[in-house]
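A.B. asks: missing the sequence, but the structure's below:
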């Protein structure tokens, strides 16, 4: 692979500029800003490799579907997303869409931009890596089917509907690949054998038959006579999670199974590869939620669902001291589901919990839900990625499941194929201000991707 | 008084336009918009009566101080405010600063504008009423000292400091008058013999030594490991008020006394004057917070403090489904204090409650506080207002205390003079969208004010 590596090194300035150019194109799925333009840019990247691609309209943001036939025996389904989170967080020190390179204290030269790691950075770099391989070798070692979605940050709604309804478009693919920078802040490489599922919903307390103003906030002095929907929401939430952070919703964790012996062994094998302090420092957190040894901590993360408050709002939240008895208060929440929890059962358990505790009036609005997914350690695509990391001098932290969520259930349960997320490189602060990826990591990522494809083609 | 009444009726179109013109000048204390201009307009109104007035700079918004010597025996301290609430509420059906006249279903022609009732409507109408009196009679029956503040909606901070530090400016005044539209939706006239005090504060849960992200929101998937400040705020709030809406903060209501026999008798005397359904309909509320007979309801309102959530916010509150573990969550709250509660003691009791329940990390930021105030029923200024209402055909609902707040403690405790709020006229939806006052009410108000001044001058 040294020929391709040399080419990548020599041409890296152009690849870095290509990645930055892609990051400069906004593509915020929540607002629609730049969505269509970005989908077309992705089509252009596929065409540039000699493939065919089209922007497929949906009821939401378009999908990009493409094919690249290299006459190879194996076909890989490339999955990624072209949308990014909004940039409304305070604390950005640069324009989120300028893709400036800053010399970050701990990480050296890094691209600071929305999407640098999640996921336009890896996406653009992956296409440049393929281009380099093809330039040096004439053709790629595998064929590709490409599916790139524009609603990942909104729960992959179109993707989750399109693939099951168009399975024939993916029939040739035997594995799925999601290229992603997979090194922690301390440069430790990690790999997850699956992802948690997600349920995202809103609860809203409105004034109604139970009391409270129904159509608008009223003068706060009437609190002596009139119920407050914000207090009602607080009371309802307080029944769902205890002061000790335990989930109190009966039935919510039904189906959750512990780790297999093999998964527990993985934790023990990998303990020395994860630096607790690095995690705490990177997130500016002083202490973990649960006490206990490291194995117990990991087991908690991998086997327990979470019930998180993403946001809460109601009443007057501006400057100074407006007195108001609001007519409405809302909360955004998510549940991360572990094997073998069922999303619909979780929805039902939360609804039943509210009803049983006297909060039948509180509205529950489900915005997203999809299940967890798992991939076996011995799948060739997993082993090909592990081999790649090893060849490049990395010992890998392999863990049972990603505590985050991705719609991999589509690969596992709809298409019936294994999948892998991987690639060297480091970036972080996704969904937060000053999202970044290191410049060195982009090059390392490109190398790991071409080597992975070679390894996979030889292994099967 | 028929001569002045006739003049007011004949010249009402001009007065109505003057009121509307004043309402068209924004004066939002939270943002500072139009504050200086409006203070100068108030000076102009005083000068137009032949008085002297000046805009007094403060560390906040300016005060307007003026004098009008009519060679009368008595001097009345006119108190009002020229600031208004912001207009950020949804639901305005007209430009809040256009002062349009709409034909409201229940109330007929009405000015719909921010400040229509609270308090630029009554303020402008009062000056026009004085002008009419003076035009017809040559001079007013009393002298005036005017103090008009620009931070009433922010807790009267400058006013509360300026008056105690400049008592000599108010030495001539024997009573204080706050002219205000004092008829309910069903046109029932009401009068309060005092006001509750107010404490307005924010509580904020930040990530810190106890856990949680300290400087920015992090990816929601880490909820398995990291505490969430929004949950912490919810848990803290749930310790402060029970599911039955009872305040659980130990010591908060220390000092609260029940009603005197005279005050309780007033409730009974006035029961037929208050229509419960009118209140519920006007506020679009289906049921009261407490069950019990009407006397118990009133007693609750007059003798119990309230702990209200004005607003709550934290994390991601935009569209769609951003997953986030926020680093901060906040709530704005107010306590309305009844006699003989002490604001500083209430602050201390809330702080102690949080500390004792393990929430010492939750920050408490006091934005405003001032005490309750009372005025005796037999004070001449109160009797003069009652006589005025009676002469104009109104039976008055006299109640122990206003459940809202006003800085009348300045009159009672600093200047040592009695005070009255009064005037016919109806407006409502203050602090809410589509604030309004009826056109007929403006004329009724003007008549009641000139008659009141005459009554007061004759009575003392």
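C.D. replies: Cool, got the structure. Remember, predicted model here, so these are calculated numbers, not experimental data.
A.B. asks: going by C-alpha atoms from here, please, whenever you check contacts or count neighbours.
C.D. replies: Noted.
A.B. asks: show me the domain layout of chain A.
C.D. replies: Residue ranges for the structural domains of chain A, counted by automatic domain parsing, are given in the record as A:2-193+A:375-459, A:196-256+A:304-370.
A.B. asks: now the ones you listed in CSV, with mean neighbour count, distance to residue B:353 and mean pLDDT?
C.D. replies: Listed next are the domains of chain A as CSV, based on neighbours: other Cα atoms under 10 Å in any protein chain shown; distance: least, Cα to Cα, whole Å; pLDDT from 0 to 100:
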stretch, mean neighbour count, distance to residue B:353, mean pLDDT
domain A:2-193+A:375-459, 20, 32, 97
domain A:196-256+A:304-370, 21, 15, 96
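A.B. asks: let me have the ones you listed in a markdown table, adding distance to chain B as columns.
C.D. replies: Output for the domains of chain A, formatted as a markdown table (distance: least, Cα to the nearest Cα, whole Å):
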| stretch | distance to chain B |
| --- | --- |
| domain A:2-193+A:375-459 | 5 |
| domain A:196-256+A:304-370 | 4 |
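A.B. asks: dump the ones you listed into TSV; add distance to residue B:108 as well.
C.D. replies: Formatted as TSV, the domains of chain A follow (distance: least, Cα to Cα, whole Å):
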stretch	distance to residue B:108
domain A:2-193+A:375-459	43
domain A:196-256+A:304-370	22
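A.B. asks: right, and these - which one's nearest residue B:260?
C.D. replies: For the domains of chain A, the distance to residue B:260 is smallest for domain A:196-256+A:304-370, at 19.3 Å, taking Cα to Cα.
A.B. asks: can you give me the strands in the stretch 151-300 of chain A?
C.D. replies: If DSSP state E, counting those that start in this stretch is used as the criterion, the strands of the stretch 151-300 of chain A fall at A:175-179, A:189-192, A:194-206.
A.B. asks: nearest to residue B:64, out of those strands?
C.D. replies: Between residue B:64 and the strands of the stretch 151-300 of chain A, the tightest spacing by Cα to Cα is seen for strand A:194-206, at 41.5 Å.
A.B. asks: quick one: closest of the strands of the stretch 151-300 of chain A to residue B:54.
C.D. replies: Residue B:54 lies closest, by Cα to Cα, to one member of the strands of the stretch 151-300 of chain A: strand A:194-206, at 47.0 Å.
A.B. asks: direction included, what does the closest one pair against?
C.D. replies: The strands that strand A:194-206 pairs with in its sheet are strand A:328-337 (antiparallel), strand A:363-370 (antiparallel), strand A:373-374 (antiparallel), strand A:402-405 (parallel) (by DSSP bridges).
A.B. asks: tell me how far it is from the chain's mean position?
C.D. replies: In terms of Cα atoms, centre = their mean, to the nearest Å, the centre of strand A:194-206 is set 15 Å apart from its chain centre.
A.B. asks: so what touches stretch A:383-396?
C.D. replies: Residues external to stretch A:383-396 that are found in contact with it (Cα atoms under 8 Å, 6 or more residues apart in numbering or on different chains): A:188-191, A:273, A:377, A:420, A:422, A:424, A:448, A:451-452, A:455-456, A:459.
A.B. asks: how does it look with 10 Å?
C.D. replies: Residues from elsewhere that reach stretch A:383-396 (Cα atoms under 10 Å, 6 or more residues apart in numbering or on different chains): A:182-183, A:187-191, A:270, A:273, A:376-378, A:380-382, A:397-398, A:420-424, A:444, A:447-460.
A.B. asks: ranges for the helices of the stretch 151-300 of chain A?
C.D. replies: If you assign secondary structure with DSSP state H, counting those that start in this stretch, the helices in the stretch 151-300 of chain A sit at A:157-165, A:229-238, A:261-270, A:276-283, A:294-303.
A.B. asks: what average pLDDT does the last one get?
C.D. replies: Spelled out, it's helix A:294-303. Helix A:294-303 carries an average pLDDT of 91.
A.B. asks: that one near chain B anywhere?
C.D. replies: Yes: for helix A:294-303, a contact with chain B is found by Cα under 10 Å from any Cα of the partner chain, at A:297, A:298, A:300, A:301, A:302, A:303.
A.B. asks: what's the burial count for the second one?
C.D. replies: Yep, that's residue A:298 we're talking about. The burial count assigned to residue A:298 is 20, neighbours taken as other Cα atoms under 10 Å in any protein chain shown.
A.B. asks: could you find the closest non-adjacent residue to it?
C.D. replies: Beyond its immediate neighbours in the sequence, the residue positioned closest to residue A:298 (Cα to Cα, 6 or more residues apart in numbering or on different chains) is residue A:267, lying 7.2 Å away.
A.B. asks: residue A:435 too?
C.D. replies: If the residues on either side of it in the chain are set aside, residue A:435 comes closest to residue A:429, at 4.5 Å by Cα to Cα, 6+ apart.
A.B. asks: that neighbour touches residue A:284, doesn't it?
C.D. replies: No: in this structure, residue A:429 is not within contact of residue A:284 by Cα atoms under 10 Å, at 11.4 Å.
A.B. asks: identify the contacts common to these two.
C.D. replies: With Cα under 10 Å, 6+ apart applied, the overlap between the contact sets of residue A:429 and residue A:284 consists of B:216, B:217, B:218.
A.B. asks: of the residues of helix A:294-303 next to chain B, which is the most crowded?
C.D. replies: The most crowded member of those is residue A:302, carrying 24 neighbours; neighbours defined as other Cα under 10 Å.
A.B. asks: that one against residue A:340, yeah?
C.D. replies: No: between residue A:302 and residue A:340 there is no contact under Cα under 10 Å: 11.8 Å.
A.B. asks: what do these two both touch?
C.D. replies: A:196, A:257, A:258.
A.B. asks: what sits up against stretch A:351-365?
C.D. replies: When contacts are taken as Cα under 10 Å, 6+ apart, the neighbours of stretch A:351-365 outside the stretch itself are A:200-210, A:229, A:232-233, A:235-237, A:239-240, A:248-252, A:329-332, A:345-350.
A.B. asks: quick one: residues contacting residue A:458.
C.D. replies: Each residue near residue A:458 by Cα under 10 Å, 6+ apart is listed here: A:74, A:141, A:384, A:452.
A.B. asks: kindly indicate which of those residues lies nearest residue B:31.
C.D. replies: Within the set of the contacts of residue A:458, residue A:452 lies nearest residue B:31; the separation is 58.4 Å, counting by Cα to Cα.
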